[in-house]
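Enquirer: Coordinates for the following, if possible.
(one chain, ligands or ions: 1)
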Amino acid sequence: MSSFEIKAYPELWQSLDMDVERFDKMRLMMGDIYEKTYLHQQNRPAAMAYFDSMIAEIHGGRIKELLAAKEEGRPVIGTFCVYIPEEIVLAVGGVCVGLCGGSQMSVPDAEKILPRNICPMVKSAYGFKAGRICPYFQAVDFVYGETTCDAKKKTWEILDRLVPTYVMEIPQCKNPRDIALWLEEVKDFKSKVEEVAGRLISEEDLAAAVKTMNNKRKALQRLNSLRHHNPSPISGKDGLLIEQIAFYDEPIRFTEKVNELCDELDGRVNSAVAVPGKNAIRIMVAGTPMALPNWKVHNLVEGAGAVIVNEESCIGTRYFKDLIDEDVTGMEAMLAALTDRYKEIDCSCFTPNDERISQVIKEFRDSRAQGIINYSLQFCHTYNLEEIRIREACEQEGIPYMFIESDYSPEDIGQLQTRIEAFLEQLEG
Ligand code: BJ8
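Expert: As a prediction, the model looks like this:
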């Protein structure tokens with residue numbers, strides 16, 4: 001009998017027109033997986049209790065907060081990519097929720113209509129809506145997708161049949177004319193958000209939202225720096241969990257809780273408390289985002305006694321490494337400064353993307369890792385192809401390197417475990 005439980009809210013789910021019976025089974029399965037993955041870890045920081053509670057309330061407590069916001073006329077907007085500027089949603093008093101799918105459970109719903117040979121993240125996200133098995137998807141006023149990859153941009157056309165879906169054009173290059181287009185797209189997003197909220201965003205609103213998001217990103221930067229201590233005071237699984245929760249928690253509360261955790265970790269660093277152990281091999285993960293509840297690689301690596309100390313990923317450093325200039329005034333200049341920050345995100349959908357190659361090497365050095373695991377979801381062409389350049393850069397720098405291409409199914413776990421253990425043995429040397 002599981003002692004951890006993700007709380008059930010059947011009446012709430014019914015009111016959101018969900019497939020309650022099926023969703024309840026998924027809730028029990030996810031609770032079970034969470035307990036096995038997270039609650040059996042040794043030496044966990046006490047401040048992780050808050051993040052455990054966020055998982056326990058993931059399908060109820062936080063949903064009630066979203067619905068309360070809607071009742072007050074504040075829009076709730078779902079997104080799938082870190083290129084959609086959350087500051088604009090916050091500036092209007094709204095709530096921004098990252099909807100990326102990280103579960104195998106919703107993939108069969110998507111495969112009833114979408115091709116099988118596309119990225120599992122896109123299928124999982126679409127399947128959550130098609131199967132009515134995600135309360136966040138059911139609660140949002142609309143979703144805002146983007147044109148980062150082909151699988152996503154064509155899926156938005158189909159998703160629009162189920163929930164109003166708007167699309168931000170993200171250019172594929174970063175020349176001045178591309179940035180000019182991007183700024184116009186950001187302005188369109190602002191207009192859409194203002195239209196739904198029924199009010200305009202003032203400079204003061206936007207400045208406050210920028211500050212809130214900068215503070216959140218600074219807290220995540222602080223946590224990441226603490227993970228770079230040797231030995232690391234927190235597991236990579238917990239680090240990843242916090243980065244995943246960042247996409248649906250209330251930002252001010254989340255920032256406070258991350259900073260509380262960091263205070264505790266400061267103490268652990270001073271007394272050299274190590275998770276999982278003082279001599280654990282240190283691994284950095286790079287690549288495609290690992291959306292909740294994708295803990296597959298972290299579970300295998302840390303199950304083999306190593307520790308993950310950095311995620312070069314959108315659910316990781318790409319989300320928080322850059323801040324927006326807070327000293328800019330005037331709406332036009334503020335939106336340009338915001339666009340400027342977002343263009344620093346080095347997603348593999350851009351060409352050329354030399355910045356990412358250097359960033360991966362930089363993060364490897366900063367995190368004092370001993371090896372890199374480059375991770376790509378199946379059928380993600382841009383990350384799969386960029387693997388070539390990351391591998392070459394690692395060879396050039398003498399960095400031990402391993403590439404994993406995987407999906408959300410458990411079928412390759414045995415094979416991955418063998419490969420990961422062999423890689424760690426090589427590092428132990
Ligand atoms: S900025 S990484 S969050 S697009 S893994 S769906 S790219 S086929 S998630 Fe991403 Fe924005 Fe880029 Fe980050 Fe397509 Fe690849 Fe799937 Fe992907």
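Enquirer: In the stretch 151-300 of the chain, which residue sits nearest the ligand?
Expert: Nearest to the ligand, among the residues of the stretch 151-300 of the chain, is residue 288, at 4.1 Å (CB to the nearest ligand atom). Placement of C-beta: from N, CA and C, glycine included.
Enquirer: Next up, the contacts around that residue.
Expert: Neighbouring residues of residue 288 by CB atoms under 8 Å, 6 or more residues apart in numbering: 121, 313, 375-377, 380, 383.
Enquirer: Just the ones in helices from those, please.
Expert: Those of those mapping onto helices are 121, 383, per DSSP state H.
Enquirer: give me the subset of the contacts of residue 288 touching the ligand.
Expert: Applying CB under 6 Å from any ligand atom, the subset of the contacts of residue 288 adjacent to the ligand comprises 121, 377, 380, 383.
Enquirer: Spell out which residues of the stretch 301-429 of the chain are next to the ligand.
Expert: Residues of the stretch 301-429 of the chain lying near the ligand (CB under 6 Å from any ligand atom): 314, 345, 347, 349, 377, 380, 382-383.
Enquirer: let's go with 8 Å and repeat that
Expert: Counting by CB under 8 Å from any ligand atom, the residues of the stretch 301-429 of the chain close to the ligand are 313-315, 318, 345, 347-349, 376-377, 379-383.
Enquirer: quick one: which of these is nearest to residue 292?
Expert: residue 315 (8.2 Å; CB to CB).
Enquirer: what's the nearest residue to the closest one if we skip its chain neighbours?
Expert: In this structure, residue 315 finds its nearest non-sequential neighbour in residue 289, 4.2 Å apart by CB to CB, 6 or more residues apart in numbering.
Enquirer: do the same with residue 248
Expert: residue 97 (5.2 Å).
Enquirer: At which residues are the strands of the stretch 1-150 of the chain located?
Expert: Using DSSP state E, counting those that start in this stretch, the strands of the stretch 1-150 of the chain run over 76-79, 95-98, 142-146.
Enquirer: Pull out the buried positions in the next helix or strand along the chain from the last one.
Expert: Right, the one you point to is strand 142-146. The helix or strand immediately downstream of strand 142-146 is helix 150-159, counting by DSSP states H and E. For helix 150-159, burial by neighbour count (16 or more other CB atoms under 10 Å) applies to 151-153, 155-156, 159.
Enquirer: any chance of these in TSV, plus distance to residue 404 and pLDDT?
Expert: Below are the buried residues of helix 150-159 laid out as TSV (distance: CB to CB, whole Å; pLDDT from 0 to 100):
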residue	distance to residue 404	pLDDT
151	19	97
152	22	97
153	26	97
155	24	98
156	28	98
159	28	98
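Enquirer: filter the residues you listed by proximity to the ligand?
Expert: Taking CB under 8 Å from any ligand atom as the test, the ligand is in contact with 151-152 out of the buried residues of helix 150-159.
Enquirer: Farthest pair within the buried residues of helix 150-159?
Expert: 151 and 159 (11.8 Å).
Enquirer: Grab the nearest non-local neighbour of residue 228.
Expert: Spatial nearest neighbour of residue 228, chain neighbours left out: residue 367 (4.7 Å); criterion: CB to CB, 6+ apart.
Enquirer: near the ligand, which residues of the stretch 51-200 of the chain?
Expert: Neighbours of the ligand within the stretch 51-200 of the chain, by CB under 8 Å from any ligand atom: 80-83, 100, 118-122, 146, 148-152, 170.
Enquirer: just checking, which of the contacts of residue 288 belong to strands?
Expert: When DSSP state E is applied, those are split such that 375-377 fall in strands.
Enquirer: Looking at residue 62 now. What's its pLDDT?
Expert: As predicted, residue 62 sits at a pLDDT of 96.
Enquirer: no wait, residue 243
Expert: pLDDT, residue 243: 98.
Enquirer: Could you pull out the strands in the stretch 301-429 of the chain for me?
Expert: Under DSSP E, counting those that start in this stretch, the stretch 301-429 of the chain gives strands at 307-312, 371-377, 401-406.
Enquirer: Partner strands of the longest one and their direction?
Expert: Spelled out, that is strand 371-377. Partners of strand 371-377 in the sheet, by DSSP bridges, are strand 282-287 (parallel), strand 401-406 (parallel).
Enquirer: now that strand and strand 307-312, what's the angle there?
Expert: Relative orientation of strand 371-377 and strand 307-312, computed by axes from the mean of the first three to the mean of the last three CA atoms, to 10 degrees: 50 degrees.
Enquirer: Tell me how far residue 213 lies from residue 426.
Expert: The gap separating residue 213 from residue 426 is 40 Å, by CB to CB, to the nearest Å.
Enquirer: Over to residue 403?
Expert: In terms of CB to CB, residue 403 sits 14 Å off from residue 426.
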